[in-house]
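**Q** Give me coordinates for this.
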Amino acid sequence: MGLSGWAYHLAEDLLAGPLPQRWAHSQGVAQRAHALGPILGSEAELLYAAAVLHDIGYAPALAKIGFHPLDGARYLRDVAHADERVTRLVAHHSCALLEAEERGLAADLTAEFPPETDHLVDALIYCDMTTSPNGDPTTAEARIAEILSRYGNDSIVGRFIRRAQPEIHAAVARVRERVAVTTTPSASPSASTVTG
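**A** Got it, this is the predicted structure:
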């Protein structure tokens, strides 16, 4: 079984039963990652694996400290013995360092998991932040608004997402630009379906 198949089955085992909506979201994020294949080349499978696994830290069996990027990455490193780059992407997905700062966990996150390359970090932000909680495509603006409505402006997550908003929008714009440059009349259909 390849990396993507392994990642999909692990995420399904951890999320589908206890957190079906989180699983639906994760599948949608993975679909967005698959559509970015034309701009990622040999790293496409790596992004797909990180995308489908990015929220496993919410699984009740894994939630040790209550900060899902770190809980998920620690499980991938210590229990699943996952690819190091996948683990680092999960640890830092969607501006996680800013939320770690809000929680007093930034030193732990950066000491244990160095950030991945910028273009993959951007791609994972794009995939996560243009996918609704139900797994449907959405805009980054709508996704941020939904997160704020769910958690509240003054919660840890609310403060974090407001701080992260400029970087989220910048990452989405950078990914769209790469897709636009890569997409040509002879490009594959999946390349032209990247929206959000």
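**Q** what stretches of the chain score poorly on pLDDT?
**A** Applying pLDDT under 70 to the chain flags the ranges 184-196.
**Q** go again using 50 as the cut-off
**A** Filtered on pLDDT under 50, the chain yields the residue ranges 187-193, 195.
**Q** longest helix of it?
**A** Using DSSP state H to define each element, the chain has its longest helix at helix 156-182.
**Q** chain center to it: distance?
**A** Mean-position distance between helix 156-182 and its chain equals 12 Å (CA atoms, centre = their mean, to the nearest Å).
**Q** Quick one: list the elements packing against that helix.
**A** Contacts defined by 3 or more CB pairs under 8 Å, 6 or more residues apart in numbering; DSSP states H and E place helix 156-182 against helix 37-40, helix 96-103, helix 118-129, helix 140-151. For every residue, glycine as well, the C-beta is placed using N, CA and C.
**Q** So what angle separates the directions of the last one and helix 156-182?
**A** Using axes from the mean of the first three to the mean of the last three CA atoms, to 10 degrees, the interaxial angle of helix 140-151 with respect to helix 156-182 works out to 160 degrees.
**Q** by contact count, what packs against helix 140-151?
**A** In terms of contacts (3+ CB pairs under 8 Å, 6+ apart), helix 140-151 is packed against helix 118-129, helix 156-182.
**Q** And the shortest one, what's buried?
**A** Along helix 118-129, the positions that meet the burial threshold by neighbour count (16 or more other CB atoms under 10 Å) are Leu120, Val121, Asp122, Ala123, Leu124, Ile125, Tyr126, Cys127, Asp128, Met129.
**Q** Of these, which is the nearest to His34?
**A** In terms of CB to CB, no member of the buried residues of helix 118-129 lies closer to His34 than Cys127, at 9.2 Å.
**Q** Tell me how many other residues crowd the residue lying closest to that closest one once chain neighbours are set aside.
**A** Distances taken as CB to CB, 6 or more residues apart in numbering place Arg32 nearest to Cys127, at 3.9 Å, with adjacent residues excluded. Applying other CB atoms under 10 Å, we find 27 other residues in the vicinity of Arg32.
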